[in-house]
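Visitor: requesting a structural model of the entry that follows:
(chains A and B)
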There are 2 protein chains.
Amino acid sequence: MKPSRPDLPAFAIARQGKRAAYDAATIHAILDQALVGHVGFVSEGRPMVIPMAFARDPQAEGGRLYIHGASTTRIVKGFKEGDPVCLTVTLVDGIVAARSAFHHSVNYRSAVVHGSARLVTDADEHAHALTLITEHLLPGRWDEVRPMLAKEEKATGVLALEIEAASAKIRQGPPVDDDEDYALPIWAGVVPVTTALGLPVGDGRTPGEVPPPASILKARQKFA
Amino acid sequence: MKPSRPDLPAFAIARQGKRAAYDAATIHAILDQALVGHVGFVSEGRPMVIPMAFARDPQAEGGRLYIHGASTTRIVKGFKEGDPVCLTVTLVDGIVAARSAFHHSVNYRSAVVHGSARLVTDADEHAHALTLITEHLLPGRWDEVRPMLAKEEKATGVLALEIEAASAKIRQGPPVDDDEDYALPIWAGVVPVTTALGLPVGDGRTPGEVPPPASILKARQKFA
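Guide: Okay, here's the model as predicted:
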């Protein structure tokens, strides 16, 4: 993955020096841990941000994400090849309660990816992308379900987002207060925020006794 | 809150009829439950999406959000009065595992708010906005901390987002599979996703014995 691109606005690279990270491994780990991505695009001059399922392609040279919506959604239907897209994910780790309102903060890991969108039309790439998106949330699920039908493939629009710039920001640890405020009798610290997957709830419509499969366990481990 | 505006692109109103909800109470509840918002704006023709602290003003006629970044961040520094902004929040409630890859889904509640940005310069409104943003995460925290300093107020850029259109989408319940697939011996159901606040961790730098204050308990209840 290229960490930056000169023709992107500078703020796309980093806003807060001390919180910015650029190495691919850090960015990939944040992307892989996110349940959904917030996808931004410009439509008739207006910003649009919608939550979408996505996955990172670990094999793609240079970095690539696949994003997915029913092919009727505007981002797939209305976009033009090469349109700029921004995908942002945020993992919230804690609420940081400081001794002053000013130093309140949030512990988080976020990744912002800029790229250009391309509609995936090649059948093999399309299947590859849908496998990745399915298995981003449920690792190994693709081989547990009935094979995809041609009409389903046709109805599922997939965009490839070729990564042109990506950055991560991470804030962790306790509040950082003004020196003189540490003398105040005010509690300060972090309230941890955790996101986890619970026990699976079957829909009760499968014949016989079929336990939750391996993909469910893997997902619970991945997003623990 | 006005549920729609004719000059907005149609897709801003609703994409998936059966999942769209427009009533203000539904949209407000989703916004109030979100830890961060994903704020989209257009910069030099490119979409930018960044996570930001925000709060809804329950008193504002017509609907208003306040969003907040260090005043050095581009959205505050670089924007022009009235620039279009989109704020989206997504609460993920479950991973929906169906019998076919095609019918996999995510249970979620999301709200998309479109509006125009206005830099808050009035001192009273600025204090009001910072109180709301602080108390969005930690209800009652404002009165527990030492009062804000003039230099801190100056360093904290706040944007008001006057709501021009807002919509919510909610997906819940089990997978919806093709009729013939229910005969297959494939487990299907929902893996619940929960986000919760853990026990607060003090930074150990407050003199004496000061227990976590009421705001922490209220936050744990609010985001449970």
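
Visitor: helices or strands next to the lengthiest helix in chain A in the packing?
Guide: In chain A, assigned by DSSP state H, the helix with the most residues is helix A:123-137. Applying 3 or more Cβ pairs under 8 Å, 6 or more residues apart in numbering or on different chains; DSSP states H and E, one finds that helix A:123-137 contacts strand A:46-56, strand A:64-70, helix A:150-155, strand A:156-171. The way it works is simple: take the backbone N, C-alpha and C, and place the C-beta from them, glycine included.

Visitor: repeat that for 7 Å
Guide: Contact here means 3 or more Cβ pairs under 7 Å, 6 or more residues apart in numbering or on different chains; DSSP states H and E; on that basis helix A:123-137 packs against strand A:46-56, strand A:64-70, strand A:156-171.

Visitor: for chain B, find the nearest of those strands.
Guide: strand A:46-56 (3.8 Å; Cβ to the nearest Cβ).

Visitor: quick one: average confidence on the closest one?
Guide: Regarding strand A:46-56, the rounded mean pLDDT is 95.

Visitor: need the contact partners of that strand.
Guide: The contact list for strand A:46-56, computed with Cβ atoms under 7 Å, 6 or more residues apart in numbering or on different chains, reads A:28, A:31-32, A:36-41, A:65-69, A:75, A:87, A:132-133, A:136, B:9, B:38, B:40-42, B:47, B:49, B:84-86, B:88, B:90, B:106, B:108, B:110, B:112.

Visitor: the lowest-mean-pLDDT helix or strand in chain A: what's the following helix or strand?
Guide: One helix or strand of chain A scores below all others by mean pLDDT, DSSP states H and E: helix A:74-77, with a mean of 67. Next helix or strand after helix A:74-77 toward the C-terminus (DSSP states H and E): strand A:84-97.

Visitor: hmm, that following strand in reach of chain B?
Guide: Yes. Strand A:84-97 reaches chain B (Cβ under 7 Å from any Cβ of the partner chain) through A:84-86, A:88, A:90, A:92, A:95, A:97.

Visitor: how far does that strand sit from its chain's centre?
Guide: With Cα atoms, centre = their mean, to the nearest Å as the basis, strand A:84-97 stands 9 Å off its chain's centre.

Visitor: buried residues, the helix or strand following that strand. List them.
Guide: Next along the chain after strand A:84-97, taking DSSP H and E as the criterion, comes strand A:105-119. Within strand A:105-119, the residues that count as buried by 16 or more other Cβ atoms under 10 Å in any protein chain shown are A:105-115, A:117-118.

Visitor: repeat for stretch A:179-187
Guide: A:181, A:184, A:186-187.

Visitor: tell me how many other residues crowd A:Gly78.
Guide: 14 (other Cβ atoms under 10 Å in any protein chain shown).

Visitor: tell me the residue furthest from the middle of chain A?
Guide: A:Ala183 (40.6 Å; Cα atoms, centre = their mean).

Visitor: let's verify the closest residue to that one other than its chain neighbours: helix, strand, or coil?
Guide: Spatial nearest neighbour of A:Ala183, excluding adjacent residues (Cβ to Cβ, 6 or more residues apart in numbering or on different chains): B:Pro207 at 6.6 Å. Judged by DSSP: H, G, I helix; E, B strand; the rest coil, the three-state class of B:Pro207 is coil.
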